[in-house]
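S.K.: Predicted coordinates and the sequence they were generated for:
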Amino acid sequence: MAITPGPNNTMLLASGLNHGVRRSLPHWVGVNLGFGLMVIILGFGLGSIFQAAPALHQVIRFGGVLYLCYLAWLIASTPTKENDPRSAKPLSLWQAGLFQWVNPKAWVMITGAIATYTTPGLNIYVQVLLLTVIFLVVGSPCGVVWLVGGAGLKRVMKNPRHHRMFNVSMALLLVSSLYPVVKGLLVP
């Protein structure tokens with residue numbers, strides 16, 4: 001799942017195109033650190049809190065939808081060469097790290113991995129830490145592929161109109177990735 005299109009990868013691709021690899025590195029690091037920290041926190045017990053208070057999970061999901069729509073708008077409205085490129089900034093390390101908490105794909109990946117790859121009766125802490133390391137070892141290079149791919153598109157995408165169309169397409173893909181979440185909010 002780490003290499004497939006989703007909110008993180010879509011945003012890394014767009015960031016690579018719009019800001020280049022070097023300026024987007026904090027975004028990439030934030031994705032990896034934030035995701036790893038989320039695996040640890042969920043694996044060590046936040047999941048049981050959501051089972052006890054499902055409304056809290058719904059609130060986070062709703063907030064995630066709103067935040068992803070906001071990020072999609074930012075991607076769609078990112079200045080191209082015809083505009084002032086200095087006004088646009090990639091996500092910071094902290095923004096990308098905190099984004100994991102409203103990223104529906106991150107929730108699905110982490111909860112699925114914890115449910116599938118941990119064994120009751122064995123040391124949960126060791127198992128969760130091992131999952132975290134595996135996610136970092138696999139996810140980090142996958143994010144680089146999307147980031148470098150976006151930067152590579154920058155060489156091809158010289159026309160500001162095409163660049164704008166790409167940004168709008170990435171924003172629409174990001175919003176379309178919300179369909180299962182919105183459906184889940186509307187139909188419990």
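M.R.: That came through fine. Numbers count the residues shown, from 1 in each chain.

S.K.: Quick one: distance of the longest helix anywhere in the chain to the chain centre.
M.R.: The residue-count maximum for a helix in the chain (DSSP state H) belongs to helix 7-41. Computed by CA atoms, centre = their mean, to the nearest Å, the chain-centroid distance of helix 7-41 equals 7 Å.

S.K.: Same question for stretch 95-109.
M.R.: Relative to its chain's centre, stretch 95-109 lies at 5 Å (CA atoms, centre = their mean).

S.K.: Going along the chain, name the helices of the protein.
M.R.: Counting by DSSP H, the helices of the chain are 7-41, 47-52, 54-76, 93-99, 104-117, 124-156, 160-176, 179-186.

S.K.: As a quick check, tell me the outermost residue of the protein.
M.R.: No residue in the chain sits farther from the centre than G121, which is 32.1 Å out by CA atoms, centre = their mean.

S.K.: Name all residues that make contact with it.
M.R.: Residues in contact with G121 (CB atoms under 8 Å, 6 or more residues apart in numbering): none are found. Every C-beta, even on glycine, is put in place using the N, C-alpha and C of the backbone.

S.K.: Ramachandran coordinates for it?
M.R.: Main-chain torsions, G121, degrees, to the nearest 10: phi 90, psi -20.

S.K.: same thing with N103?
M.R.: Dihedral pair for N103: phi -90, psi 110, per degrees, to the nearest 10.

S.K.: and the gap between the residue nearest to G6 when sequence neighbours are not counted and C142?
M.R.: For G6, the nearest residue in space outside its immediate sequence neighbours is K105; the separation is 3.9 Å by CB to CB, 6 or more residues apart in numbering. Using CB to CB, to the nearest Å, we find K105 at a distance of 12 Å from C142.

S.K.: that older thread, between the helices of the chain, which one is nearest to M1?
M.R.: Closest approach to M1 among those (CB to CB): helix 104-117, 5.2 Å.

S.K.: Other residues contacting the closest one?
M.R.: Contact with helix 104-117 is made by 1-2, 6-8, 35, 38-39, 42-43, 47, 61, 64, 68, 100, 127-128, 131, 135, 177-178, 180-181, as judged by CB under 8 Å, 6+ apart.

S.K.: Show me what counts as buried in that helix.
M.R.: Under the neighbour-count criterion of 16 or more other CB atoms under 10 Å, helix 104-117 has 104-107, 109-110, 113-114 buried.

S.K.: pull the CA atoms of that helix into PDB?
M.R.: The C-alpha trace of helix 104-117 is given here as PDB (Å, rounded to 0.1, in the frame of the first residue of the first chain):
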ATOM      1  CA  PRO A 104      -7.700   8.100   5.900                       C
ATOM      2  CA  LYS A 105      -5.300   5.800   4.100                       C
ATOM      3  CA  ALA A 106      -2.800   6.000   7.000                       C
ATOM      4  CA  TRP A 107      -5.600   4.900   9.400                       C
ATOM      5  CA  VAL A 108      -6.500   2.000   7.200                       C
ATOM      6  CA  MET A 109      -2.900   0.900   6.700                       C
ATOM      7  CA  ILE A 110      -2.000   1.100  10.400                       C
ATOM      8  CA  THR A 111      -5.100  -0.400  11.900                       C
ATOM      9  CA  GLY A 112      -5.000  -3.200   9.300                       C
ATOM     10  CA  ALA A 113      -1.400  -4.000   9.900                       C
ATOM     11  CA  ILE A 114      -1.800  -4.000  13.700                       C
ATOM     12  CA  ALA A 115      -4.800  -6.300  13.500                       C
ATOM     13  CA  THR A 116      -3.200  -8.600  10.900                       C
ATOM     14  CA  TYR A 117       0.500  -8.700  12.000                       C
END
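
S.K.: I'm done for today, thanks for sticking with me.
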